[in-house]
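S.K.: make a model of this:
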Amino acid sequence: MKTLEDKVVVITGAGSGIGRALAVNLARRGALLALSDVDEVGLAQTVELATVAGAPEVRSDRLDVADRAAFAAYAAAVAEHFGRVNVVINNAGVALAGDLVDLTYEDMDWIVGVNFWGVVHGTKEFLPHLIASGDGHVVNLSSLFGLISMPGQSAYNATKYAVRGLTEALREEMLIAGHRVGVTAVHPGGIKTAIARNARVSDREDKEATARLFDEKLARMTPEKAAEIIVKGIVGNKARVLVGLDAHALHHFARLTGSRYQDVVAMASRKVVPPKATVV
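M.R.: Below is the predicted model of the structure:
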């Protein structure tokens, strides 16, 4: 896929952040867009921005990516609407902060439903259409935390590692089968989005302090810059796209130190992670 002009591109989680930035970027490149999100207000704003940016056509749908039946119906409707699908960007994601011992099963089911099953649904439901297009691409958003693990992010890490494994295996399967479908795993570092402010946290976490740490110390790159890097990765048919200097640096650090990186991370985290609350 050398150009995204006149390609039908599906983006989940398009109501804000990286999803919105991708929609606007691809609109400028002449792509036809199928955008979805659970946030209908944010989604409407993205549709307006994409239209102004020059998208030839924009379809908008409210979609809970964790709802399998809803996703199946959505994929069928999008394929019927446009007559084809070329690119699927499974971007929708949520965050959950807290030590494993403090997390509830309800919250863990929630993050797995969105971050993992949402990607599975988007990939599996659209894959036949991508294969049929003869010029398809799957883009799954993992994370820097799909390459290294962080304390207080066990459930998030688990979902993002799962997305990485799924995506890398899918690329191998497409190559073996000879299908003209590229597959890219994206691993962003700290991006200036609202994911930390919209996150769920355990009862022992200070949500405001955790969000402030992310916003002020960790989120360095704009969604627009991240989108540009991701789109270049699609056009270049990259298997893996690291987004941000932090993603590159920490990934290579972990590769050099092996499992000992966990000891270093644990020691460093004691100095920066907000203290736990006492639950009575």
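
S.K.: so what's residue 119 closest to, chain neighbours aside?
M.R.: residue 90 (4.4 Å; Cβ to Cβ, 6 or more residues apart in numbering). Using the backbone N, CA and C atoms, a C-beta is placed for each residue, glycine as well.

S.K.: which strand residues bridge that neighbour?
M.R.: Beta bridges link residue 90 to residue 140, judged by DSSP bridges.

S.K.: in a strand, residue 127, correct?
M.R.: No: assessed with DSSP: H, G, I helix; E, B strand; the rest coil, residue 127 is helix; it does not lie in a strand.

S.K.: show me what the single longest helix found in the chain is packed against.
M.R.: Assignment by DSSP state H gives helix 154-177 as the longest helix of the chain. In terms of contacts (3 or more Cβ pairs under 8 Å, 6 or more residues apart in numbering; DSSP states H and E), helix 154-177 is packed against strand 96-97, helix 105-111, helix 118-133, strand 136-141, strand 181-188.

S.K.: export these as JSON lines, with columns for mean neighbour count.
M.R.: Listed next are the helices and strands packed on helix 154-177 as JSON lines, based on neighbours: other Cβ atoms under 10 Å:
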{"stretch": "strand 96-97", "mean neighbour count": "26"}
{"stretch": "helix 105-111", "mean neighbour count": "15"}
{"stretch": "helix 118-133", "mean neighbour count": "21"}
{"stretch": "strand 136-141", "mean neighbour count": "26"}
{"stretch": "strand 181-188", "mean neighbour count": "25"}
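
S.K.: how about the helices in the protein?
M.R.: Here the chain has its helices, by DSSP H, at 17-28, 40-53, 68-82, 105-111, 118-133, 154-177, 207-213, 223-235, 245-257, 261-272.

S.K.: buried residues in stretch 36-54?
M.R.: Within stretch 36-54, the residues that count as buried by 16 or more other Cβ atoms under 10 Å are 36, 37, 38, 39, 42, 43, 46, 47, 49, 50, 51, 53.

S.K.: hmm, back to that, dump the helices of the chain to JSON lines, plus distance to residue 94.
M.R.: Shown next, in JSON lines, are the helices of the chain (distance: least, Cβ to Cβ, whole Å):
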{"stretch": "helix 17-28", "distance to residue 94": "11"}
{"stretch": "helix 40-53", "distance to residue 94": "14"}
{"stretch": "helix 68-82", "distance to residue 94": "16"}
{"stretch": "helix 105-111", "distance to residue 94": "6"}
{"stretch": "helix 118-133", "distance to residue 94": "9"}
{"stretch": "helix 154-177", "distance to residue 94": "9"}
{"stretch": "helix 207-213", "distance to residue 94": "13"}
{"stretch": "helix 223-235", "distance to residue 94": "16"}
{"stretch": "helix 245-257", "distance to residue 94": "19"}
{"stretch": "helix 261-272", "distance to residue 94": "22"}
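
S.K.: name whatever forms a beta bridge with the nearest residue to residue 152 once chain neighbours are set aside.
M.R.: Closest residue to residue 152 apart from its sequence neighbours, by Cβ to Cβ, 6+ apart: residue 97 at 5.5 Å. Note on residue 97: beta-bridge partners by DSSP bridges are residue 201.
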